[in-house]
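# Build me a model:
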Amino acid sequence: MPKPNFDFTAGEAFADVFSNYQTFLAVAQAFEDTGVRAYEGQAGNSQSNGKILTVALQIPSV
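Take a look at the predicted model:
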């Protein structure tokens, strides 16, 4: 499998992401928020099992 190639600079919009701590934090927060929203967006697929849904919705808060 080929190694993935990620552009953490977002097309040079954050060209200093690895040399400027504040930029790094902003990009990291954006990735985190995106992941949490994607995870929570799928939680509805567990609606038929209340116990699983409850646990699934608690995980992002950890």
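
# Residue 49 versus residue 8, what's the distance?
Counting by C-beta to C-beta, to the nearest Å, the separation of residue 8 from residue 49 is 37 Å. (Glycine included, C-beta is placed from N, CA and C.)

# again, but for residue 36
Applying C-beta to C-beta, the value for residue 36 to residue 49 is 21 Å.

# Low-confidence ranges, the protein, go.
60-62 (pLDDT under 70).

# Spatially central residue for it, please.
residue 35 (2.3 Å; C-alpha atoms, centre = their mean).

# Do me a favour and get the backbone dihedrals for it.
phi -60, psi -40 (degrees, to the nearest 10).

# Ok, residue 50 next?
Per-residue torsions, residue 50: phi -60, psi -40 (degrees, to the nearest 10).

# same question, residue 3
phi -70, psi 130.

# if I look at it, how far off is residue 37?
For residue 3, the distance to residue 37 - C-beta to C-beta - is 27 Å.
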